[in-house]
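Trainee: Provide a 3D model corresponding to the input given below.
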Amino acid sequence: MGVNAAAWAERAEARGFDMRWVALGVTTIGSFMTLLDGTIVNIALPSILGDFGANLDAGQLVLTGYMIAMAVIIPVSGFLGDRVGLKRLYMATLIGFTLSSALCGLAWNLESLIMFRAIQGLAGGALQPLGMAIVFTMITPLERPRFMAMLGLPMLLAPLLGPTVGGALVEFSSWRLIFLINLPIGMLNVVLARSFLKETTIRHDAKLDIKGFLLATTTFPSLLLGLSFGERYGWDAPITLGLLGLGPVALVAFVYVELRHSDPMLKVRLFSNRIFALAMAVNGITQFSLFGVQYILPLYLQQAHGLGPLETGLLLFPTGITSFAALNVTGKIYNRVGPRPLALTGLTFLLIATASLSRIGPETPLLIIAAVSSLRGVALGLCMMPVQTAAYNTVAPTDMSRATSLVNVMIRLFGSTTTAVLTTFLIFFLGQHGAPNASITGGRAPLGALTSSFDDVFIVMSVVTVIGMGLALFLRDPFLDNARSEGRLKDGAIIKVTASAE
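Mentor: Residues are numbered from 1 along each chain as shown. Model prediction:
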């Protein structure tokens with residue numbers, strides 16, 4: 001049997017040392033590995049293609065196979081966790097991810113690498129939602145803010161470290177090392193997970209939502225692939241139109257089925273809660289601007305400033321430091337001020353940073369660009385975790401494993417949509433500035449047109465940020481408000497955590 005969060009909190013208070021931080025560190029390692037592998041391979045793809053003598057279209061399957069596999073497994077991870085136990089499933093997927101990573105590093109041709117990457121995606125896709133669900137069984141809603149800094153660390157650092165670590169490994173060693181390095185880390189994480197994670201309550205009565213599963217395996221891969229193919233092959237390409245036609249139709253059918261099911265695979269009914277829906281909307285807008293800059297700025301630095309991937313990663317790394325610092329501040333003051341002031345302050349920093357980036361040019365010193373980008377790190381630390389905390393605080397403990405799956409699906413969709421939309425805007429603005437047939441990455445776009453197009457995209461992101469600020473005005477945390485009124489909080493500090501209170 002599992003132990004509820006209030007009991008975990010009481011044990012931590014009695015012991016003096018909170019073992020939940022150790023458990024959180026274990027799940028953080030697993031989440032970090034999977035998110036890092038989602039970004040690190042991009043930088044190694046040219047070397048992989050060179051070794052196997054493959055063309056770019058075939059090589060893209062190394063990326064899309066991983067993405068499709070993750071899109072298939074994430075929606076069903078909540079059900080699987082309920083059915084077999086979160087710890088047991090976490091360890092199984094961690095072992096699968098580690099072994100498939102080793103196989104990727106030993107791949108003998110492109111076809112074998114694509115197959116092993118798909119297996120890696122199936123195993124790795126479940127690790128982050130499972131890790132979050134495990135941690136949420138151990139912490140009460142009032143304790144979530146101070147644990148959120150660690151929970152948000154993989155999402156924060158992996159995209160920043162991916163190009164840096166990947167560039168260094170490829171430049172000084174081999175692309176195979178980006179996979180083989182997961183072997184010792186994964187094996188260590190399995191030992192730690194076995195030692196420090198506790199099994200949760202297993203629901204033997206949980207049954208697979210077969211209709212929902214079949215529709216999910218159609219919906220999410222179609223949407224993610226359609227968005228990916230749209231930016232690669234064009235939005236009028238038959239394969240793009242087919243996938244983007246199938247995806248929304250399947251999505252409508254999926255939502256209809258899930259709303260009528262007594263035990264749905266994804267709890268889409270959570271969107272009927274106004275705060276959860278509002279928090280997800282703010283999260284999506286924030287992700288568009290925050291991670292949009294994360295996608296656009298490295299592209300700009302490499303094309304307009306001529307930096308390499310390793311130099312770009314090093315230049316943007318201070319953003320991770322400012323993000324982590326802001327996350328820690330957020331965790332300490334969330335219970336005192338609530339999500340709205342933090343989100344609004346973070347979005348204000350984001351607006352300043354994004355609008356400032358629209359004024360940079362090829363002659364702008366790199367240190368200034370790094371400083372402006374670091375403001376984006378502050379915004380990330382102030383926005384993302386408080387908004388997600390407000391959303392999760394509306395979810396019943398029994399629904400938490402399904403909620404983490406739903407939120408992770410939304411994050412993947414937000415990320416793919418952001419990349420596709422911003423790429424489309426870049427191509428459109430290039431045409432408006434007199435270079436309609438120029439390639440963004442091929443080095444054929446005139447520098448003036450390229451710089452102006454990037455400036456216009458930063459302005460678009462600034463406008464979207466303002467919309468996010470308007471939505472954030474209505475954000476609140478009813479659970480936090482009730483805790484204050486019931487006297488369970490004083491100046492943001494928890495008075496007493498009891499099973500009845502939580």
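Trainee: low-confidence bits of the protein, can you list those?
Mentor: Applying pLDDT under 70 to the chain flags residues 1-18, 56-58, 149, 156, 159-160, 163, 231, 309-310, 435-445, 489-502.
Trainee: quick one: secondary structure of the residue located most distally from the centre of the chain?
Mentor: Distance from the C-alpha centroid of the chain, by C-alpha atoms, centre = their mean, peaks at residue 434 (35.6 Å). Of the three states, residue 434 takes coil according to DSSP: H, G, I helix; E, B strand; the rest coil.
Trainee: leaving aside the residues adjacent along the chain, what's closest to it?
Mentor: Spatial nearest neighbour of residue 434, excluding adjacent residues (C-beta to C-beta, 6 or more residues apart in numbering): residue 449 at 5.6 Å. Any C-beta I mention is one placed from the backbone N, CA and C, and that applies to glycine too.
Trainee: quick one on the thing from earlier: pretty sure the residue farthest from the centre of the chain contacts residue 446?
Mentor: Yes - contact between residue 434 and residue 446 holds when scored by C-beta atoms under 8 Å: they sit 7.4 Å apart.
Trainee: which neighbours do the two share?
Mentor: With contacts defined as C-beta atoms under 8 Å, 6 or more residues apart in numbering, no residue is adjacent to both residue 434 and residue 446.
Trainee: how close does the residue nearest to residue 434 sit to residue 426?
Mentor: 11 Å (C-beta to C-beta, to the nearest Å).
Trainee: out of those two, which sits in the busier spot?
Mentor: residue 426 (22 against 18; other C-beta atoms under 10 Å).
Trainee: show me the contacts for that one.
Mentor: So residue 426 contacts 296, 440, 453, 454, 457 (C-beta under 8 Å, 6+ apart).
Trainee: buried sites along the strand or helix carrying it?
Mentor: In the assignment (DSSP states H and E), residue 426 maps to helix 400-432. Neighbour counts using 16 or more other C-beta atoms under 10 Å place 400-427, 429-430 of helix 400-432 among the buried residues.
Trainee: Three-state assignment for residue 199, please.
Mentor: coil.
Trainee: that one touches residue 89, doesn't it?
Mentor: No - judged on C-beta under 8 Å, residue 199 makes no contact with residue 89 at a distance of 10.1 Å.
Trainee: can you give me the strands in this structure?
Mentor: Here the chain has its strands, by DSSP state E, at 489-490, 493-494.
Trainee: which parts of the stretch 101-250 of the chain are helices?
Mentor: 110-136, 144-172, 177-180, 182-196, 210-233, 238-260 (DSSP state H, counting those that start in this stretch).
Trainee: dump the C-alpha coordinates for the third one into CSV.
Mentor: To tie it back to what came earlier, the one meant is helix 177-180. Taking Å, rounded to 0.1, in the frame of the first residue of the first chain, the C-alpha atoms of helix 177-180 are listed here in CSV:
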residue,chain,number,x,y,z
LEU,A,177,29.0,8.8,-26.7
ILE,A,178,25.8,11.0,-26.4
PHE,A,179,23.9,7.7,-26.0
LEU,A,180,26.5,5.5,-24.2
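Trainee: show me what that helix packs onto, helices and strands only.
Mentor: helix 20-52, helix 86-105, helix 144-172 (3 or more C-beta pairs under 8 Å, 6 or more residues apart in numbering; DSSP states H and E).
Trainee: which residues are contacting it?
Mentor: Here helix 177-180 has contacts from 37, 40-41, 44, 101-102, 104-106, 165-166, 169-170, using C-beta under 8 Å, 6+ apart.
Trainee: distance from the chain centre to it, please.
Mentor: Centroid separation for helix 177-180 versus its chain: 22 Å, with C-alpha atoms, centre = their mean, to the nearest Å.
Trainee: was I right about residue 42 contacting residue 63?
Mentor: Yes - counting by C-beta under 8 Å, residue 42 touches residue 63, with 6.9 Å between them.
Trainee: between the two, which is the more surrounded one?
Mentor: residue 63 (17 against 14).
Trainee: from residue 35, how far off is that one?
Mentor: 14 Å.
Trainee: for residue 404, which residues are in contact?
Mentor: By C-beta under 8 Å, 6+ apart, the neighbours of residue 404 are 78, 129, 130, 132, 133, 136.
Trainee: out of those, give me the one that has the most neighbours.
Mentor: residue 130 (30 neighbours).
Trainee: tell me the contacts of the nearest residue to it once chain neighbours are set aside?
Mentor: In space, and not counting its chain neighbours, residue 130 is closest to residue 90: 4.7 Å by C-beta to C-beta, 6+ apart. Shown in contact with residue 90 (C-beta under 8 Å, 6+ apart): 27, 30, 81, 126, 127, 130, 131, 134, 193, 197.
Trainee: please apply the same query to residue 373.
Mentor: Residue 373 neighbours (C-beta under 8 Å, 6+ apart): 293, 297, 315, 316, 318, 319, 353, 357.
Trainee: if we can go back for a sec, residue 199 and residue 89: who's more crowded?
Mentor: Neighbours of residue 199 and residue 89, each counted by other C-beta under 10 Å, are more numerous for residue 89; the result is 22 against 16.
Trainee: circling back to that earlier point, ok now the helix holding residue 426, how far from the chain's centre?
Mentor: 10 Å.
Trainee: relative to helix 20-52, how tilted is it?
Mentor: On the basis of axes from the mean of the first three to the mean of the last three C-alpha atoms, to 10 degrees, helix 400-432 is oriented at 40 degrees to helix 20-52.
Trainee: nearest to residue 155, of the contacts of residue 426?
Mentor: residue 296 (18.3 Å; C-beta to C-beta).
Trainee: I'd say the closest one and residue 425 touch.
Mentor: No - applying C-beta under 8 Å, one finds residue 296 not in contact with residue 425, separated by 9.3 Å.
Trainee: now list whatever residues contact both of these two.
Mentor: residue 457.
Trainee: and the closest residue to residue 429 other than its chain neighbours, what does it touch?
Mentor: Nearest non-adjacent residue to residue 429, counting by C-beta to C-beta, 6+ apart: residue 453, 3.8 Å away. For residue 453, the contact set (C-beta under 8 Å, 6+ apart) comprises 426, 429, 430, 432, 433, 445.
Trainee: same thing but 7 Å
Mentor: 426, 429, 430, 433 (C-beta atoms under 7 Å, 6 or more residues apart in numbering).
Trainee: same thing with residue 418?
Mentor: 287, 288, 291, 292, 295.
Trainee: quick check: the closest residue to the last one other than its chain neighbours vs residue 361, distance?
Mentor: So the one you mean is residue 295. Leaving out its chain neighbours, the residue that sits closest to residue 295 by C-beta to C-beta, 6+ apart is residue 419, at 5.6 Å. Using C-beta to C-beta, residue 419 is found at 24 Å from residue 361.
Trainee: and for residue 274, the neighbour number?
Mentor: 12.
Trainee: how about residue 95?
Mentor: 16.
Trainee: what about the closest residue to it other than its chain neighbours, distance to residue 129?
Mentor: Distance criterion C-beta to C-beta, 6+ apart; nearest residue to residue 95, sequence neighbours excluded, is residue 190 at 5.9 Å. The gap separating residue 190 from residue 129 is 18 Å, by C-beta to C-beta.
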